[in-house]
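In: Mind folding the following:
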Amino acid sequence: MKATQDKIIIFNTTLRDGEQSPGASMDVHEKVLVAKQLEILGVDKIEAGIHQDGFLKEPSTYEIMTPEAVGLGMSHLVLGKHSGKHALAKRLDLLGYRLDEKDIKKVFKRFKEIADRKKEIFDEDIEAIVMEFLKNKKLSESPNL
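Out: As a prediction, this is how the structure comes out:
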């Protein structure tokens with residue numbers, strides 16, 4: 001019987017030293033080798049238990065090297081049920097949506113409902129959520145005829 005693997009699991013500490021793996025460490029050369037292997041394997045994003053809000057405020061806290069340093073584009077946060085409002089607001093901004101804080105809270109509520117049912121929320125999901133929100137907002141603001 002041939003074994004197949006459809007998922008690669010990489011622990012949060014694979015490319016980062018720290019208290020989560022006492023005694024484990026890699027030098028910069030080893031980290032670059034792992035990052036290059038991930039690129040060869042087609043791993044362009046890793047869902048990990050990092051604090052997205054902290055990452056957005058100061059990426060160097062979580063990234064031991066920039067994606068550009070290993071030939072990749074920008075970092076891409078995987079959005080899911082553990083993502084917060086800051087991560088969603090950043091993605092909305094990247095997608096070109098300019099919503100005020102009150103509207104972001106409403107979109108975030110719907111985002112969390114969907115995230116509870118799906119492992120990962122894609123840009124298409126976010127766009128659908130925003131379109132639904134804007135449609136409902138327009139209907140609620142329309143004067144009754």
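In: From Val28, how far out is Ile64?
Out: 8 Å (Cβ to Cβ, to the nearest Å). In short, each C-beta sits where N, CA and C put it, glycine included.
In: Name the single longest helix found in this protein.
Out: helix 123-141 (DSSP state H).
In: What is the distance between that helix and the centre of its chain?
Out: Centre-to-centre, helix 123-141 and its host chain are 21 Å apart (Cα atoms, centre = their mean, to the nearest Å).
In: for it, packing partners?
Out: helix 85-94, helix 101-115 (3 or more Cβ pairs under 8 Å, 6 or more residues apart in numbering; DSSP states H and E).
In: Go through these and name the closest to Lys57.
Out: Ranking the helices and strands packed on helix 123-141 by proximity to Lys57 (Cβ to Cβ) places helix 85-94 first, at 8.2 Å.
In: Pull out the buried positions in that closest one.
Out: Residues of helix 85-94 classed as buried: 85-92 (neighbour count, 16 or more other Cβ atoms under 10 Å).
In: same thing with stretch 102-118?
Out: 103-104, 107-108, 110-111, 115.
In: mean confidence score for it?
Out: Stretch 102-118 shows a mean pLDDT of 94.
In: can you list the domain ranges for this protein.
Out: Using automatic domain parsing, the domain parsing of the chain gives 8-77, 85-141.
In: Counting neighbours, what do you get for Gln37?
Out: 10 (other Cβ atoms under 10 Å).
In: what about it, which helix or strand?
Out: helix 28-40 (DSSP states H and E).
In: measure stretch 52-64 end to end?
Out: By Cα to Cα, to the nearest Å, the extent of stretch 52-64 from end to end equals 15 Å.
In: Could I get the contacting residues of Pro67?
Out: Contacts here follow Cβ atoms under 8 Å, 6 or more residues apart in numbering; on that basis Pro67 touches 73-75.
In: Quick check on those residues: which are buried?
Out: Here, 16+ other Cβ under 10 Å leaves nothing buried among those.
In: any idea which of those residues is closest to Leu56?
Out: Ser75 (9.6 Å).
In: wait, is that closest one part of a strand?
Out: No - Ser75 is assigned coil when assessed by DSSP: H, G, I helix; E, B strand; the rest coil, not a strand.
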